[in-house]
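Engineer: this is a predicted model, with the sequence first.
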Amino acid sequence: MAPDSRISVPEAHFRSPCPSFRADLSSSFVLALLRHSPDSPVAAVVASLTRPVTAFVVIAAGSTQLVAAQGIGSLAGTVRDTTGAPLAGAEVLLSNRRSITSAQGSFRLDSLPVGTHLITIRLLGYAALRSPVTVISGTSRSDYVLHRNAYVLPTVYSEARRGGIYATVGDTSLRPLAGVTVEVAGRGGGQAFTDSSGRVSFPAAIQGPYVVRAIHPGYAEERHFVELKKGEGIELAIRLRPSAALASREDEVAFGELGRRLVANLATDRLSASQLDRYGSQSLCEVKRVAARMGSSDSVAIIVNGTFILDGRSLRDLCAWQAADVQLVEFGENICRDVTRTLVDMLGVWCKNLTGHERGNGRRIMAQRRGMPFVVIWERR
C-alpha cells in the first residue's frame, strides 16, 4: 500500500451505548420505589440509572425490553488477485484476530470491537495489503485485491573510493536511464539528474543518515536509506521498473520533511534497515526499542510513508508490519519533542514550549492529547 495523499482515519472509541452515569434522583425516592414496587418496570429503570451499566431499558407501550449493549461485530469478505481469481491461504489479521482464506478466497473474523481498525492481508508472492476498515454491530463485509510482487533486480551497494553518494540508474534490462531525478535528503544532499550514462553524484554528502529517491516518468519510484561514516563513500546501482504511477506532491513534501528529521533528530529516535534486519520476521510491536518508547499509552499516532495517518491507534496495530517489511522506523514517546516540528504540523498537534506559548498550525484536531507517542513507518518498496 502506497497511498499518495494524507488521510486522517477517525479514532476508534469502544464504549457501551449507555456510558456509566448516575441519574440525579433523591435517595429517599429511590429507596421508597425499590422497597414498595421492586418488580415494576419503572423501578428497573431507576435501578439501572443509579449504577454503571452496559445495557439499558426501554419502556414502550407499557412493556419493558432489555436491549443488549452494542459493541461487538464481525467482518467477512474475500481476497482475490488482479484477475479476479480467489486467493487461498492468505493470512488476514485484524486487532488480535487471525484468519486464513479458504479455497474460495473467503474469510471471517468474529468478536471484533466496533470501530475503525487496521486490516493486514499477506500472501507469499504478493505485496502485503494494509487498509483501515470500519466494523459495525452485526456483520460488515469488505473485499480485497492483492497485487503480485514485481520482480526487480535489487539495488547494489558498494564502497566508493571517495566520500559522498554516487549512483548509476538504469531499467530492469540494465540499460542506463538519462534525465532521472535523483534526490538525496540529509546533510549535504540535494537534487540532480542522471547523465547520458545514467550516473549522478553527491560529493557533499559526507556523513550521517540519508535517504536517496529516484523518480522518472513511466517508472516506479525507488527509495533507499543509507548511512555514511565520516570520510566514507557509497556507490548505488539502482534499477527502476516500469509503472504508470505518478509521484505526488504529498510524497515530495514527506521526503523533504524526512530529510530534516534525519539531520536534526537523534539516532536513538529511529531504526535503520540494517538495524531492522536483525529482527527478521518479528513484528514491529515486538521490537523492544519501539515498544518501550510507547510506554503504557493507549493512543499512538502511526504515520505510513510520511503521508498516511492512522490516528489514535494502539501498540497492537504495529503488529501489522514485520521488521522485514520496513526500511526505516522513527518513533518517540512525545511527538512535541520533534525539533523540526514536521510531525507536529502534519497532525495538527498543539504543543507548549518552555515559555508557555502554544505553537502549531491551528488545526487542533488532536489538541486534547498533547505529547502523544508516535511511530513513522517507511515501507520497503
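Structural biologist: Received, thanks.

Engineer: quick one, strands of the stretch 101-250 of the chain?
Structural biologist: Using DSSP state E, counting those that start in this stretch, the strands of the stretch 101-250 of the chain run over residues 106-113, 115-122, 129-135, 138-141, 144-145, 156-159, 164-171, 181-185, 190-193, 199-202, 208-215, 222-228, 233-240.

Engineer: need those strands in CSV (columns: distance to Gly73, mean pLDDT and mean neighbour count).
Structural biologist: For the C-beta atoms, the positions are set from N, CA and C on the backbone; glycine is no exception. Output for those, formatted as CSV (distance: least, Cβ to Cβ, whole Å; pLDDT from 0 to 100; neighbours: other Cβ atoms under 10 Å):
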stretch, distance to Gly73, mean pLDDT, mean neighbour count
strand 106-113, 5, 93, 16
strand 115-122, 9, 88, 21
strand 129-135, 4, 88, 18
strand 138-141, 6, 93, 12
strand 144-145, 18, 95, 17
strand 156-159, 47, 65, 10
strand 164-171, 47, 93, 21
strand 181-185, 42, 94, 22
strand 190-193, 48, 95, 13
strand 199-202, 52, 94, 20
strand 208-215, 40, 92, 21
strand 222-228, 37, 88, 21
strand 233-240, 43, 91, 20
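
Engineer: switch those strands over to a markdown table; also include distance to Leu328.
Structural biologist: Converted to a markdown table, the strands of the stretch 101-250 of the chain look like this (distance: least, Cβ to Cβ, whole Å):
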| stretch | distance to Leu328 |
| --- | --- |
| strand 106-113 | 31 |
| strand 115-122 | 19 |
| strand 129-135 | 17 |
| strand 138-141 | 34 |
| strand 144-145 | 26 |
| strand 156-159 | 16 |
| strand 164-171 | 16 |
| strand 181-185 | 11 |
| strand 190-193 | 20 |
| strand 199-202 | 19 |
| strand 208-215 | 8 |
| strand 222-228 | 5 |
| strand 233-240 | 16 |
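
Engineer: next, count neighbours for Ala245.
Structural biologist: The number of residues packed around Ala245, counting by other Cβ atoms under 10 Å, is 11.

Engineer: same deal with Gly295?
Structural biologist: Gly295 has 12 neighbours, counted by other Cβ under 10 Å.

Engineer: just checking, it touches Glu333?
Structural biologist: Yes - because the distance of 5.7 Å satisfies Cβ atoms under 8 Å, Gly295 is recorded as touching Glu333.

Engineer: list the contacts for Tyr126?
Structural biologist: When contacts are counted by Cβ atoms under 8 Å, 6 or more residues apart in numbering, Tyr126 is found next to 81, 87, 90, 146-149.

Engineer: among these, which one has the most neighbours?
Structural biologist: Ranked by neighbours (other Cβ under 10 Å), the contacts of Tyr126 are led by Ala90, which has 23 neighbours.

Engineer: any idea how far that residue is from Ile100?
Structural biologist: Summarising the geometry, the distance separating Ala90 from Ile100, computed by Cβ to Cβ, to the nearest Å, is 7 Å.

Engineer: now for those two: what residues contact both?
Structural biologist: With contacts taken as Cβ under 8 Å, 6+ apart, Ala90 and Ile100 have Phe107 as neighbours in common.

Engineer: who are the neighbours in contact with Ile377?
Structural biologist: Contacts for Ile377 were tallied using Cβ under 8 Å, 6+ apart; they are 284, 302-305, 321, 326, 329.

Engineer: phi and psi next, for Leu347.
Structural biologist: Here the main-chain torsion angles of Leu347 (degrees, to the nearest 10) amount to phi -90, psi -10.

Engineer: my read: it touches Val300, true?
Structural biologist: No - the criterion here is Cβ under 8 Å, and Leu347 misses it with Val300 at 11.6 Å.
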